[in-house]
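> With the input below, show me the fold.
(chains A and B)
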Protein chains: 2
Amino acid sequence: MEPPQGMEIEAWFQASLAWAEAQLALAWKASSRGPSALPEALRYPIDSGGKRLRPCLVRLVCLECGGSEDQAAAPAVAIEWLHTYSLVHDDLPCMDDDDLRRGRATTHRVFGEATGVLVGDGLLTMAFEHLATHGGPQASAMVAVLARAAGPAGMVGGQYLDLASEGQAVSLDGIREIHRLKTAALIAAACELGALAARAPAKVQQAAGRFGWALGLCFQAVDDCLDVTGEAAELGKTPGKDAATDKATLVRALGLHGARAEAEERAAEALEAAGQAGFDPNGPASALVAWLLARRF
Amino acid sequence: MEPPQGMEIEAWFQASLAWAEAQLALAWKASSRGPSALPEALRYPIDSGGKRLRPCLVRLVCLECGGSEDQAAAPAVAIEWLHTYSLVHDDLPCMDDDDLRRGRATTHRVFGEATGVLVGDGLLTMAFEHLATHGGPQASAMVAVLARAAGPAGMVGGQYLDLASEGQAVSLDGIREIHRLKTAALIAAACELGALAARAPAKVQQAAGRFGWALGLCFQAVDDCLDVTGEAAELGKTPGKDAATDKATLVRALGLHGARAEAEERAAEALEAAGQAGFDPNGPASALVAWLLARRF
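Numbering: from 1, shown residues only, chains lettered A, B, ... in the order given. All right, here's what the predicted structure looks like:
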């Protein structure tokens, strides 16, 4: 599957990333950061880079729905801070116990475990403060969407299931539920926030959400395959870690062939939802799905 | 100082507590609680009892500002869930490492450390979801107030300073800053939320906030005294713990006499702010301040 004509995905990534970094820098300057050395610790995991996929998706959907970059800014910053909190807490010794993330020492390794907990708590809280303060007339609806996706019925629940499943035999449905809650819920929220920020009609918001759910599940299926087949540069982490830690993955449940088929099925669902939302079929939504499938998995 | 005529503080506590418990029970039924055994773990620290001071203050200020109990309900639930998250995280091994809270095993002792982190994350997120969903037209303003008070420039910053000060010589100003951020910010937020919920004019909101700040600092000063002079039943925890853990307290900085004087000064400030907010001088605000000073400290 080739990226559709008219959309250079690399150029889109570059422009989106530059925009996201600029919004994060502006929001940081205006934020409530606390006493002593806490601001330095809060900033450390935000500055660890990455693709900024979630803010890029907020912008993508907002623009596709006829909104502006300005309208996308507040939810874009909020969801990235919230995503960053989740990485900081997931890396804690009592959770996944990771020393490295994207080649740098994890927050608790640099600043200590107590500060790691507080940095996560702080970023999560700052995300909601920023969205409530700068989210405009849709602010409370956006806070509700983000919190639902991030809370016990979303990301927190997914991390809980993931930890509870370690060393257990997990059914295919169980794996899908973990992926749905842990990964896809927040990606779906990014897309819903983009549509909300653009004040799109309810039907478009719902289709944008379905686009996000399918994209998130596709993303996770591709990730499971790359853990087996990929190189570190492609994956952004050490390949083989899932197998080494006995993690429940789609590849383990379905085999590599089955997991690839699942990724392709989710990609097709994402494209269908993008069509229902009225996104440009030659635009970045389709190009992003194609890029995902074109990764060497 | 005797409680003013016309207000039986015990009756007020009873009525407020019953109302707060009823609101917490209703909100729990409607909440997004997540998969598997996570709901049980989320509920455990909420059910641990306590005075429910923060929701009672939301109701108190809302009613004094001419609002209704219905208007006070959403911020009351949100602030108690948020306060509960802070207790769960503060008790973690990497923080204050407490095995008991109000005579029961702490959340991480019952459900494990990873679940302790996730329960805190979940309750914090649920607090914002609840407020955004049920907060009515003031919802985004209330989310902003609550998040600012709870985040790095408030409670999270206070806990950070408190941990950083362990075993250090802390100045009187340093101790006051810890109390301001760690305790008073959220008590002030409870009062501001009550005024916001009642849609009180800006000047009344500000005076309500000052009432809360002074009340919170008074509360903390009394608590520091009770750690030295009080009995376990009065204090709700083991007396002498601050001294045993080498904690920076007002009593250590000012002596018992000086700390008592500070509590009385804050109480006077609270009464002055209550007057500026237009609260009934024979009502529960004054009675609460008098009750605080009448505790055997």
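> What mean pLDDT does the helix or strand A:Arg54 falls within get?
Assigned by DSSP states H and E, A:Arg54 belongs to helix A:53-64. Helix A:53-64 shows a mean pLDDT of 98.
> Do you have the strands of chain A handy? List them.
Here chain A has its strands, by DSSP state E, at A:100-101, A:104-105.
> List the strands paired with the first one, with their directions.
With DSSP bridges as the test, strand A:100-101 is paired with strand A:104-105 (antiparallel).
> who touches the partner strand?
With contact meaning Cβ atoms under 8 Å, 6 or more residues apart in numbering or on different chains, strand A:104-105 is reached by A:Ser48, A:Asp99. C-betas here are computed from N, CA, C, even on glycine.
> and that strand, how far from the chain's centre?
On the basis of Cα atoms, centre = their mean, to the nearest Å, strand A:104-105 sits 20 Å off its chain's mean C-alpha point.
> Same question for stretch A:128-145.
19 Å.
> List of residues touching it?
By Cβ under 8 Å, 6+ apart, stretch A:128-145 touches A:27, A:31-32, A:71, A:73-75, A:77-78, A:81, A:146-147, A:189, A:192-193, A:196-197, A:199, B:128-129, B:131-133, B:135, B:139-141, B:143-144, B:147-148, B:151.
> before we move on, back to that, tell me which other helices or strands the helix holding A:Arg54 touches.
Packed against helix A:53-64 by the contact rule (3 or more Cβ pairs under 8 Å, 6 or more residues apart in numbering or on different chains; DSSP states H and E) you find helix A:9-29, helix A:69-90, helix A:185-197, helix A:202-229, helix A:284-294.
> Just put those in a markdown table and tack on distance to chain B, mean pLDDT and mean neighbour count.
Below are the helices and strands packed on helix A:53-64 laid out as a markdown table (distance: least, Cβ to the nearest Cβ, whole Å; pLDDT from 0 to 100; neighbours: other Cβ atoms under 10 Å in any protein chain shown):
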| stretch | distance to chain B | mean pLDDT | mean neighbour count |
| --- | --- | --- | --- |
| helix A:9-29 | 12 | 96 | 16 |
| helix A:69-90 | 6 | 98 | 25 |
| helix A:185-197 | 11 | 98 | 29 |
| helix A:202-229 | 16 | 95 | 23 |
| helix A:284-294 | 27 | 94 | 22 |
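> Next, format those helices as a markdown table and append distance to A:Ala277.
Formatted as a markdown table, those follow (distance: least, Cβ to Cβ, whole Å):
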| stretch | distance to A:Ala277 |
| --- | --- |
| helix A:9-29 | 17 |
| helix A:69-90 | 15 |
| helix A:185-197 | 7 |
| helix A:202-229 | 4 |
| helix A:284-294 | 8 |
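> residue contacts, the nearest residue to A:Leu288 once chain neighbours are set aside?
In space, and not counting its chain neighbours, A:Leu288 is closest to A:Ile9: 6.7 Å by Cβ to Cβ, 6 or more residues apart in numbering or on different chains. If you count contacts by Cβ under 8 Å, 6+ apart, A:Ile9 has them with A:Pro3, A:Pro284, A:Ala287, A:Leu288, A:Ala290, A:Trp291.
> what do you get for A:Leu118?
Contacts of A:Leu118 (Cβ under 8 Å, 6+ apart): A:Leu38, A:Ala41, B:Val156, B:Gln159, B:Tyr160, B:Leu163.
> Likewise for A:Leu293?
Neighbours of A:Leu293 in contact, by Cβ under 8 Å, 6+ apart: A:Met1, A:Cys218, A:Val222, A:Ala263, A:Glu264, A:Ala267.
> wait, A:Ser208 sits on A:Gln276?
For residue A:208 the amino acid is Ala, not Ser. No. Counting by Cβ atoms under 8 Å, A:Gln276 is not a contact partner of A:Ala208; they are 9.1 Å apart.
> What's the separation between A:Leu42 and A:Phe111?
10 Å (Cβ to Cβ, to the nearest Å).
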